[in-house]
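# predicted coordinates and the sequence they were generated for:
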Amino acid sequence: MSNDSPQITPTRPPEVSELIADIVAGKVSTFDLLRSAPEGDYRAHVEMMRTFGAISSDLGALKVFLAELQQKIADHEGDRGNSEEIEKQLLRKDGHRRFEKLMVQRGAAFSGKSSLLSGNDFETCLAQYKALLAHVEGSWASAAEEFKMRNFPIAAFLAILDIEEIGKLGRLPQDLVYYDKPRLASEDSFVDRDHRRKHYLGVVSGALINSRLDRILGKDVVKKLLHEAESDEFEKTRQACLYIDTKEGVPVTPAEQIGEERARTLVILAGELMAEVLGHFPWEFDRMLDAVMTFEEQVGIPPKKVARR
């Protein structure tokens, strides 16, 4: 008697099977599919991403996508130099180890947790999604305003708060894409409450490979910030933003501990991370980055550094 189990092939909608056949036959480009959703149309983009996920499960279609991706990379001017530079910066930032740790930390924060979106339909989930993004964007805007009013401790505190929220909401786009996935039983611990883990998730997710951030803040500063996200420095700074302390027996206020440069660095970092991690849809990324770029120029970052490339 054979021990072989029958192979179960997942059923696909006929239109997805037809699309896979066209992709494998070279009639449809996977990149054309990725560009097919209209600008600003959340539902169309969600459906496109779900379709792309379905076709990616087919080995033939996946091979075509990888071949197209390799060709796009090869066609990009100076690609070899760019790839070598990325690898160099990863090594400089201890990137391979930190990326592996990031995957572990994401698993600890998100695995087995219910969706952040609780709506019964797409429209309700989308409204919740937008409200969560608006909260982070509003909090960052408040940090920028506090900085411009020279209230540096509160600006830095709000920036760190934003970084924590960015770490917490890293799963949000996937929750929207799979809004109709069956949810776990209701529980109070569906969001991560570990401050240090949220610092790590927020910073490493958006700063490990980010040539723009390296350019704006400087590679040495970004390397130091990555180290701080892995230690308890962000938590120490968060406390220093709010509370009177003593140093060498002398009382010090938050204003004496958190200066202009530290606050500026943290507000810029939080804004850039917000766009990089939470700007999942192109129009969201553009909106967030435009706000951050305006602030960066206002606080003295040279326009040539701020400009998109």
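That came in fine, so what should we check first?
# next, the buried residues of the helix or strand where residue 18 lies.
Element membership of residue 18, judged by DSSP states H and E, is helix 14-24. By neighbour count on 16 or more other Cβ atoms under 10 Å, the buried set for helix 14-24 is 16, 19, 20, 23, 24. To be clear about C-beta, it is placed using only N, CA and C from the backbone, and glycine gets the same treatment.
# and stretch 113-122, by the same measure?
Within stretch 113-122, the residues scored as buried using 16+ other Cβ under 10 Å are 114, 115, 116, 117, 119, 122.
# give me the mean pLDDT for that stretch.
Taken as a whole, stretch 113-122 has a mean pLDDT of 89.
# from the middle of its chain, how far away would it be?
Averaging C-alpha positions (Cα atoms, centre = their mean, to the nearest Å) puts stretch 113-122 19 Å from its chain's average.
# okay, now that stretch: how far is its last residue from its first?
20 Å (Cα to Cα, to the nearest Å).
# strands of the stretch 101-250 of the chain, start to end?
245-247, 250-252 (DSSP state E, counting those that start in this stretch).
# helices or strands up against the first one?
By that I understand strand 245-247. Counting contacts by 3 or more Cβ pairs under 8 Å, 6 or more residues apart in numbering; DSSP states H and E, strand 245-247 packs against strand 250-252.
# so what touches the strand it packs on?
Residues outside strand 250-252 that contact it (Cβ atoms under 8 Å, 6 or more residues apart in numbering) are 244, 245, 246.
# need the contact list for the last one.
Taking Cβ under 8 Å, 6+ apart, we find residue 246 in contact with residue 252.
# distance of the closest residue to residue 276 other than its chain neighbours relative to residue 53?
Counting by Cβ to Cβ, 6 or more residues apart in numbering, residue 276 lies nearest to residue 206, which is 3.9 Å off, once chain neighbours are set aside. As for residue 206, its distance to residue 53 is 23 Å (criterion: Cβ to Cβ, to the nearest Å).
# who has more neighbours out of these two?
Higher neighbour count among residue 206 and residue 53: residue 206, with 24 against 11, using other Cβ atoms under 10 Å.
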